[in-house]
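**Q** Dropping the sequence and predicted coords here.
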Amino acid sequence: MTLTELQRHLERRGLRTTQPRLRLLQFFSHTDGHFTPEEIAERFRLAGEPIPIATLYQNLRVFSEHGLIGEVIGHGGEVRYDTNLTPHSHLRCDHCSKLLDVFLSLPDLQPQGQGHDWTITGARVELQGICPDCQAIASPQLMPTLESD
Ligand SMILES: [Zn+2]
Ligand SMILES: [Zn+2]
């Protein structure tokens, strides 16, 4: 996305265009992953363009409220901001807590019994597993044992 398009994104949502906001949006449009505010601050610091952490916190919250970025809860309960705006599910590694964006074709999600009369508007699915990197270094205890009869 170009800077002009990003600017339009902000304006369409009635948000003021500030330098930190534009830089943040640019970061999200060029980066894949799920980041804590601290990790984002570190990236900007390393790039020689630090953004104060309070400014980051505030703008990330605003972006999230306006649907410009997603939110996902990390392994330790921390909020991570998601750069992928396409509806997707997450696959989390039990061992290293790595998060992967995955696309699932979901079956009919209307609950049976209790909740059957609700209108379902969306679903957040999180799958757990063991990533290939961890499988490669896994000790036998780490891997789920398959029952044999
Ligand atoms: Zn892993
Ligand atoms: Zn994601």
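**A** Okay, I see it. Since the model is a prediction, treat every value here as computed from it, not as a measurement. Ligands and ions are numbered 1, 2, ... in the order given.
**Q** in the protein, which spans are helices?
**A** Counting by DSSP state H, the chain has helices at residues 3-12, 19-30, 37-46, 53-65, 132-137.
**Q** Same list (those helices) but as TSV, adding mean pLDDT.
**A** Shown next, in TSV, are those (pLDDT from 0 to 100):
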stretch	mean pLDDT
helix 3-12	83
helix 19-30	89
helix 37-46	95
helix 53-65	93
helix 132-137	92
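**Q** Determine which of those helices approaches ligand 2 most closely.
**A** Smallest distance to ligand 2 across those (Cβ to the ion): 11.8 Å, for helix 19-30. No exception for glycine: its C-beta is placed from N, CA and C like everyone else's.
**Q** Show me which positions of that closest one end up buried.
**A** Applying a neighbour-count criterion of 16 or more other Cβ atoms under 10 Å, one finds Arg21, Arg23, Leu24, Leu25, Phe27, Phe28, Ser29 buried in helix 19-30.
**Q** got the contact list for the nearest residue in space to His95 that is not next to it in sequence?
**A** Closest residue in space to His95, ignoring its immediate chain neighbours: Cys134 at 4.0 Å, by Cβ to Cβ, 6 or more residues apart in numbering. By Cβ atoms under 8 Å, 6 or more residues apart in numbering, the contact list for Cys134 reads Cys93, Asp94, His95, Cys96, Leu142.
**Q** Break this structure into its domains for me.
**A** Following the assignment in automatic domain parsing, the chain carries domains at 1-85, 86-149.
**Q** Deepest in the core, which of the ones you listed is it.
**A** Across those, averaging neighbours per residue (mean count of other Cβ atoms under 10 Å) puts domain 1-85 on top, at a mean of 15.
**Q** hang on, the earlier thing: compare the helices of the chain and give me the one nearest Leu106.
**A** Proximity to Leu106 (Cβ to Cβ) singles out helix 53-65 among the helices of the chain, at 23.5 Å.
**Q** chain center to the closest one: distance?
**A** Averaged C-alpha coordinates place helix 53-65 at 15 Å from its chain's average position (Cα atoms, centre = their mean, to the nearest Å).
**Q** by contact count, what packs against it?
**A** Judged by 3 or more Cβ pairs under 8 Å, 6 or more residues apart in numbering; DSSP states H and E, helix 53-65 is in contact with helix 19-30, helix 37-46, strand 79-82.
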